[in-house]
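*Asks:* quick one: sequence plus predicted model below, questions after.
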Amino acid sequence: MIIVFKSKVNQEDVEKVVQRVEKLGLIAHISQGEETTIVGLVGDTTKVDPKQIEVLPVVEKVMHVGEPYKLANRAFHPDDSIIDVSGVKVGGDHLALIAGPCSVESKEQVIEIAKAAKAAGANLLRGGAFKPRTSPYAFQGMGSEGLDILVAAKEATGLPIVSELMSAEYIEEFNEKVDLVQIGARNMQNFDLLKEVGKRCTKPILLKRGLSSTYEEWIMSAEYIMASGNPNVILCERGVRTFETYTRNTLDLQAIPVIKRLTHLPIIIDPSHAGGKWWLVEPMAKASVAAGCDGLMIEVHNNPECALCDGPQSLKPKKYTELIEEIKDIAKIVGKEV
Ligand code: PEP
Ligand code: MN
């Protein structure tokens, strides 16, 4: 349930209403806009009689939200959320360009790629240090040493870092070293992890869509993080499982308008994990920007043939540079600045 207050209402009046609903055991989340104040009620709202609230002189209207998520709901927060990732804005009319290797392999590799990505126009550097691999015998990532390499690449280029967190054990280390904490597709419904990053992560979260998760399941996972205390969530569509086996996954471009309609959170697209083939990245990246996404996360490798992970879907720096040049033109048409 959402209480919309009359414009320019004073703080005290809002507090009085909040206290009244909190007495009923509900949690009230206040969202103060420039003109309007909105209060979202989380909990068993059947205890509240909307008519009794609506009759108060400071209240404009009371809305029932059919969806099970409140904090992520567009109704609760009509404006787009713009998430600040160490100075890089994600959402609104900003287009975030995240690039880098699937996995951190060495300092030389990451710094070379980071420099090329930055020169191409990327504003965030990705690199996996803790890797979720299907096989326990595959390369598992460099761990903390990999994070230190990313920090060195950030020092060399100024690009803030995006890296995947797989265990709550490392949250404090990620708070120190990483600028945007990725929760991977395979952990999208690891509810204990979501609660911990909500409580303890001081950095924004990039929440990837689960391999076969519905929009509602995905948004509910964002809701877990937000309800636990971290409101800074960016969603990432990375392809879903379908009957098709030719491509690694199927990119769901409809996710862009749907997520924007249902939530106020930014949504970025990862065309690399979607198609699993480097030559699919360019057309899908362009289509994503045309459809209004808030950013792209693309795997870039200086030597894809020898990559320890996801070489076949990685772009070489030259190709990435050409792609970003073309993306800039599309971004302009849809009102996004690079
Ligand atoms: C990744 O981005 O490195 C990754 C493992 O992605 P996903 O969780 O989407 O498979
Ligand atoms: Mn990868």
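*Replies:* That came through, no problem. Numbers count the residues shown, from 1 in each chain. Ligands and ions are numbered 1, 2, ... in the order given.

*Asks:* by contact count, what packs against the lengthiest helix in the chain?
*Replies:* Longest among the helix segments of the chain by residue count, using DSSP state H, is helix 317-333. Counting contacts by 3 or more CB pairs under 8 Å, 6 or more residues apart in numbering; DSSP states H and E, helix 317-333 is packed against strand 96-100, helix 107-120, helix 278-290, strand 295-299. Yep, even glycine has a C-beta here, placed from its N, CA and C like the rest.

*Asks:* mean neighbour count, distance to ligand 2 and mean pLDDT added to these, as TSV?
*Replies:* Output for the helices and strands packed on helix 317-333, formatted as TSV (neighbours: other CB atoms under 10 Å; distance: least, CB to the ion, whole Å; pLDDT from 0 to 100):
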stretch	mean neighbour count	distance to ligand 2	mean pLDDT
strand 96-100	28	10	98
helix 107-120	21	13	98
helix 278-290	20	12	98
strand 295-299	28	6	98
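
*Asks:* dump these to JSON lines, plus distance to ligand 1.
*Replies:* Converted to JSON lines, the helices and strands packed on helix 317-333 look like this (distance: least, CB to the nearest ligand atom, whole Å):
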{"stretch": "strand 96-100", "distance to ligand 1": "10"}
{"stretch": "helix 107-120", "distance to ligand 1": "14"}
{"stretch": "helix 278-290", "distance to ligand 1": "13"}
{"stretch": "strand 295-299", "distance to ligand 1": "7"}
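
*Asks:* ok, and the closest non-adjacent residue to the residue of the stretch 1-150 of the chain found nearest ligand 1?
*Replies:* Distances between the stretch 1-150 of the chain and ligand 1 by CB to the nearest ligand atom are smallest at residue 128, namely 4.6 Å. Ranked by CB to CB, 6 or more residues apart in numbering and with sequence neighbours excluded, the top spatial neighbour of residue 128 is residue 103, at 4.6 Å.

*Asks:* what residues does that neighbour make contact with?
*Replies:* Residue 103 sits next to 127-129, 131, 139, 141-142, 146, 307-310 when contact means CB atoms under 8 Å, 6 or more residues apart in numbering.

*Asks:* need phi/psi at it.
*Replies:* Backbone geometry at residue 103, expressed as degrees, to the nearest 10, gives phi -120, psi 150.

*Asks:* tell me, how many residues neighbour residue 129?
*Replies:* 27 (other CB atoms under 10 Å).

*Asks:* secondary structure element for the residue nearest the centre of the chain?
*Replies:* With distances taken as CA atoms, centre = their mean, residue 234 lies nearest the centre of the chain, 1.9 Å away. Residue 234 is part of strand 233-237 when elements are defined by DSSP states H and E.

*Asks:* right, is the helix or strand following that strand up against ligand 1?
*Replies:* Downstream of strand 233-237, the first helix or strand assigned by DSSP H and E is helix 255-262. No - with CB under 6 Å from any ligand atom as the criterion, ligand 1 is not reached by helix 255-262; the gap is at least 13.1 Å.

*Asks:* and helix 255-262, what's its mean pLDDT?
*Replies:* Helix 255-262 shows a mean pLDDT of 98.

*Asks:* check which residues of that helix are buried.
*Replies:* 255-256, 259-260, 262 (16 or more other CB atoms under 10 Å).

*Asks:* in JSON lines: these, plus distance to ligand 2.
*Replies:* Shown next, in JSON lines, are the buried residues of helix 255-262 (distance: CB to the ion, whole Å):
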{"residue": "255", "distance to ligand 2": "19"}
{"residue": "256", "distance to ligand 2": "21"}
{"residue": "259", "distance to ligand 2": "22"}
{"residue": "260", "distance to ligand 2": "26"}
{"residue": "262", "distance to ligand 2": "27"}
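
*Asks:* with the residues you listed in mind, which one is nearest to residue 92?
*Replies:* residue 260 (11.5 Å; CB to CB).

*Asks:* per-residue pLDDT, the residue of the chain found nearest ligand 1?
*Replies:* Closest residue of the chain to ligand 1, CB to the nearest ligand atom: residue 184 (3.0 Å). If you check residue 184, the pLDDT there is 98.

*Asks:* that one contacts residue 207, correct?
*Replies:* No - in this structure residue 184 lies outside contact range of residue 207 using CB atoms under 8 Å: 9.2 Å.
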